[in-house]
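> What shape does this take:
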Amino acid sequence: MADSRPPGRATGDRTWRGGALLAVGCALGFGALTLAVDWDAGSLTPARALLWIALSATVLGLLLPARVTAGPGWLAVRGPLRRRTVRTDSLVHVGRYGDVAAHLVLRDTLGNRLELDPGVLHANPLLWHELDTGVRRSLERGTLRRGSEVLARLGHEIDDTNARAVLEVSGLS
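So this is what the prediction gives:
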């Protein structure tokens, strides 16, 4: 299977590994506990063991965070089942949905669409920089028709968070 990303340097989510390790730990813990309880009850059979292993794999699939990468002009989100990529330099729409579990929806001129947790952008300034650079190109080209205010608001949130972090580290807050 060929890689659909354009050439260029890639920036990844630096918090993904911790989330993935937590998901693996939870799935292994769930599997070990269910197997131990079933074994202790004397009802563990090969079919039940297979069931618990399958349920543990399902827990892993549900808890495993999406892996976000970006490069010049593109952003990709890889989930457990598929990968979605958009061209950030030719976006046509950006939307933010939800308050508690907010997510961004990005669409490009090629019809590609992806959903992204804005918390990933808060935690990864380099990913935000790649997205912001692509959005500026989309605005210059006139392709981004809806959603520039959503990204401007998100940019202010990220800048405020980073400024607070710098002030706390320096002891000024």
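
> Need the contact partners of the longest helix along the chain.
Longest helix in the chain, counting residues (DSSP state H): helix 16-40. The contact list for helix 16-40, computed with C-beta atoms under 8 Å, 6 or more residues apart in numbering, reads 44, 48-49, 52-53, 55-57, 59-60, 63-65, 67-68. The way it works is simple: take the backbone N, C-alpha and C, and place the C-beta from them, glycine included.

> quick one: the strands in the chain?
Taking DSSP state E as the test, the strands found in the chain are 11-12, 67-71, 74-78, 83-87, 91-97, 103-108, 113-116.

> Quick one: the ones you listed as TSV, columns for mean pLDDT and distance to residue 136 too.
Below are the strands of the chain laid out as TSV (pLDDT from 0 to 100; distance: least, C-beta to C-beta, whole Å):
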stretch	mean pLDDT	distance to residue 136
strand 11-12	88	17
strand 67-71	94	14
strand 74-78	94	14
strand 83-87	95	14
strand 91-97	91	11
strand 103-108	93	14
strand 113-116	93	18
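
> Format those strands as TSV; extra columns: distance to residue 23 and mean neighbour count.
Formatted as TSV, the strands of the chain follow (distance: least, C-beta to C-beta, whole Å; neighbours: other C-beta atoms under 10 Å):
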stretch	distance to residue 23	mean neighbour count
strand 11-12	17	18
strand 67-71	12	22
strand 74-78	14	21
strand 83-87	18	20
strand 91-97	24	18
strand 103-108	18	20
strand 113-116	18	17
